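S.K.: give me coordinates for this.
(one chain, ligands or ions: 1)
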Amino acid sequence: MVSRVIPVDPFDLVIFGATGDLARRKILPGLYRRDLAGQLPDEARILGAARSELSDGAWRNEIRAAIEEHVPADRQDGAALDRFLARLGYLQVDATGEAGWQALADRVRPDVVQAYYFSVGPSLFGALAERLHRHGMNREDCRIVVEKPFGHDLASAKALNATLAAHFEEHQIYRIDHYLGKETVQNLMAVRFGNMLFEPLWNAQYVDHIQITVAETVGVAGRGGYYDRSGAMRDMVQNHMMQLLCLIAMEPPYAFEPDAVRDEKLKVIRALDPVAPGDIVRGQYAAGNGQASYLDDAENPDSRTESYVALKAHVSSWRWKGTPFYLRTGKRLRARTSEIAITFKDPPHSIFGEQEGQKSNALVIRLQPNEGIKLKVTIKEPGPGGMRLIEVPLDMSFAEALGPEAADIPDAYERLVMDVIRGNQTLFMRGDEVEAAWAWTDPIVAAWEAKGDRPQPYDPGSSGPEDALMLMHRDGRRWREVRP
Ligand code: NAP
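M.R.: Okay, the predicted model is just below:
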């Protein structure tokens, strides 16, 4: 199956933070891949901006090296890379000063789509918005792309929303959550709302519980300073995991349109109950296997910041009353994996008697690695010997179902940047969603800070602290194994 690529309109994309890690590792390699796929029109141009003094040629060389490093060998194409690099130009611009702004305003073409990507630290977002406005670059149809973290709590998120709103309309603001750009996350909506099969069962009557896991093997070394002021709750739960929960729990939107989808997500966040203190566990990785502990990586030897969190959430709605959503995320765990598992209730009566092989149906949506969707069903074990039941997965791994072309799934950033150019905000967070998510998160973090106790240590390479296991055991349930 050959995927259809529809070229986007001509554009000028300005990347502030053009010399930074995100630009080099994700944004520019992603744009190169879209160019390789034929999605960028001839008139598409990319302007890098940062304080470093660089010529166009020097920046192109940096980006050539970044693409050679971060794009797989089978997607390297010398001629395509030269063509891509010819689109690139660099300007020295200081977000907090005056240098470079007039030159930038002169370079951006008024008759193409204009997008400004804020790939810089959050303390610069306001300064960039204000200067774009002052130099006449906030034209009616231009877009700004804002990276995470979007605020540190409700007050700072509100302040940031207000700063951006002073210069841009909400329809111009694209708050990135790259989890929403993943193919499987969008497929989750296709599976739910494009089939009759699942939606009638998608509620408290038939779903026993939902697990959302985002497990990482890396620690925080190298960015211990930033992480220590954030922690797993702010860095992962408030944004990425909350977004995943919303897509599972939301009501069908009236159309697959930005505000229709975002209205439904917002209702879910607002319906979340406060989390009871006994329903949340925090952990911090200890030293082991020759690796440093969180306290070593974080620099602060007395840090109380959590590198792991597990919690039980409830959505108070007709659809979900009584169905727990278990969320967990952590660093230095056994494997790098992100998945959502929806476990259905057992049949009300088993005509086969007690059978080990009969397991609850589960729909497992795998975000990484190996994006795909699996439905676990019970069937008869083939062969003679009576009615013995076994569990088998109906596997919708993209590569097998759709052919090798489909295995080359665009990275989340590729897709999201193209959505910005197309002017489609469906997969971006709206300001009120972000604020509602902080309003739910703030009391949890405030309670920890008031109490000041230490997170529970856990072994590196494990699946998290003991108390997190108990969170489910006491409900008669089990976490799925954390495995690659
Ligand atoms: P980074 O590697 O520290 O890069 C920061 C960039 O900002 C550099 O290009 C720097 O270049 C530029 N910069 C700093 N001060 C500036 C100023 N006053 N005026 C203009 N440019 C300035 O950061 P990053 O990792 O790329 O992250 C960028 C943003 O993305 C952050 O908000 C981060 O939280 C977010 N993010 C990053 C990742 C990731 O994987 N890296 C993932 C998710 C979100 P000069 O020093 O030359 O000015």
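S.K.: next up, the contacts around Ile46.
M.R.: When contacts are counted by CB atoms under 8 Å, 6 or more residues apart in numbering, Ile46 is found next to Asp12, Leu13, Ile15, Leu28, Leu31, Arg87, Leu88, Gly89. Using the backbone N, CA and C atoms, a C-beta is placed for each residue, glycine as well.
S.K.: which ones among the residues you listed are found in helices?
M.R.: Leu28, Leu31 (DSSP state H).
S.K.: buried among the contacts of Ile46? Need that as a selection in ChimeraX.
M.R.: For the buried members of these, the matching ChimeraX selection, counting by 16 or more other CB atoms under 10 Å, is:
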select :12,13,15,28,31,87,88,89
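S.K.: which helix or strand lies directly C-terminal to the helix or strand of the chain at the bottom of the mean pLDDT ranking?
M.R.: Least confident helix or strand, the chain: helix 404-407 with a mean of 59, by mean pLDDT, DSSP states H and E. Under the assignment DSSP states H and E, the closest C-terminal helix or strand after helix 404-407 is helix 412-422.
S.K.: for the helix or strand just after that following helix, name the packing helices and strands.
M.R.: Going down the chain from helix 412-422, the next helix or strand is helix 431-451, by DSSP H and E. Contacts defined by 3 or more CB pairs under 8 Å, 6 or more residues apart in numbering; DSSP states H and E place helix 431-451 against helix 154-165, strand 173-175, helix 242-249, helix 258-271.
S.K.: one more time with 10 Å
M.R.: Using 3 or more CB pairs under 10 Å, 6 or more residues apart in numbering; DSSP states H and E, the elements in contact with helix 431-451 are helix 154-165, strand 173-175, helix 242-249, helix 258-271, strand 280-285, strand 308-313.
S.K.: and that helix, what's its mean pLDDT?
M.R.: Mean per-residue pLDDT for helix 431-451: 97.
S.K.: circling back: may I see the contacts of Ile46 arranged in JSON lines, with distance to Asp459 as well?
M.R.: Listed next are the contacts of Ile46 as JSON lines, based on distance: CB to CB, whole Å:
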{"residue": "Asp12", "distance to Asp459": "50"}
{"residue": "Leu13", "distance to Asp459": "44"}
{"residue": "Ile15", "distance to Asp459": "40"}
{"residue": "Leu28", "distance to Asp459": "38"}
{"residue": "Leu31", "distance to Asp459": "41"}
{"residue": "Arg87", "distance to Asp459": "48"}
{"residue": "Leu88", "distance to Asp459": "46"}
{"residue": "Gly89", "distance to Asp459": "50"}
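S.K.: and of the contacts of Ile46, the nearest to the ligand?
M.R.: Using CB to the nearest ligand atom, Ile15 comes nearest to the ligand of the contacts of Ile46, at 8.6 Å.
S.K.: need the pLDDT of the spatially closest residue to that closest one that is not a sequence neighbour.
M.R.: Spatial nearest neighbour of Ile15, chain neighbours left out: Tyr117 (4.7 Å); criterion: CB to CB, 6 or more residues apart in numbering. pLDDT, Tyr117: 98.
S.K.: now do Tyr117 against Ala49, distance only.
M.R.: 10 Å (CB to CB, to the nearest Å).
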